[in-house]
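Q: Next input, structure requested:
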Amino acid sequence: MSNVTDISTRQVWELLEAVTDPEVPVLTILDLGIVRDVKVENGTVTVVITPTYSGCPAMDVISMSIRMQLLSHGYKQVNISQVLSPAWTTDWMSEAGKEKLRAYGIAPPNPTQSVCSMELFADDEAVQCPHCSSWNTRRISEFGSTACKSLFQCNDCHEPFDYFKCH
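A: Here you go, the predicted model:
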């Protein structure tokens, strides 16, 4: 248990490393880059988060998970604040997080798409298969298992897979 008079932002960041995304449990919220700031003032911890999408249904679960993680370690005064601006971008994802996605069978966002637009998400977009590493893939559906993913299929190994959309 932590002493509320002895709270450091470093301790809070370390505790947040254990909070996972409910939709992709191999990713932490730090892997996703949705934690924008941690503030500690007068015994109150404030965690500032940005959703991957403004209507992301996972944000309520993530907020609750952050609160539960901090409460379980003795932090009694916890505020979770959501900010929408600047909008979250896949550029905020850690490289380790992108590798975790690939190992989990989800194609991570393409690194060459740091400036995302609908033009870049054309039907001929090259997305690498996370199963066999082939670039010979095709989009089957604009939406995959969640709104932040598209459904693709590899033309070589024939496996379907989600692609974490760049934005």
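Q: which ones are touching the spatially most central residue of the chain?
A: Nearest to the mean C-alpha position of the chain, by C-alpha atoms, centre = their mean, lies residue 32 at 2.8 Å. Residues in contact with residue 32 (C-beta atoms under 8 Å, 6 or more residues apart in numbering) are 21, 52, 92-93, 97. Glycine gets a C-beta too; all of them are placed from N, C-alpha and C.
Q: Which of those scores worst on pLDDT?
A: Least confident of the contacts of residue 32 in the model: residue 52, at 88.
Q: That one: how many residues sit nearby?
A: By other C-beta atoms under 10 Å, 25 other residues sit near residue 52.
Q: secondary structure class for it?
A: Three-state call for residue 52 (DSSP: H, G, I helix; E, B strand; the rest coil): coil.
Q: In the lengthiest helix in the chain, which residues are buried?
A: As assigned by DSSP state H, the longest helix anywhere in the chain is helix 58-72. Residues of helix 58-72 classed as buried under the neighbour-count rule (16 or more other C-beta atoms under 10 Å) are 58-59, 62-63, 65-67, 69-70.
Q: Going by distance to residue 146, which of those residues wins?
A: residue 58 (7.9 Å; C-beta to C-beta).
Q: Correct me if wrong: the closest one contacts residue 21.
A: Yes: the pair residue 58 / residue 21 is scored as a contact, 6.5 Å apart, by C-beta atoms under 8 Å.
Q: neighbour-wise, which of the contacts of residue 32 leads?
A: In terms of neighbours by other C-beta under 10 Å, the contacts of residue 32 top out with residue 52 at 25 neighbours.
Q: can you pull the contacts of that one?
A: By C-beta under 8 Å, 6+ apart, the contact set of residue 52 is 32, 34, 58, 88, 148.
Q: With distance to residue 41 added, can I get the residues you listed in CSV?
A: Formatted as CSV, those follow (distance: C-beta to C-beta, whole Å):
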residue, distance to residue 41
32, 25
34, 21
58, 28
88, 25
148, 33
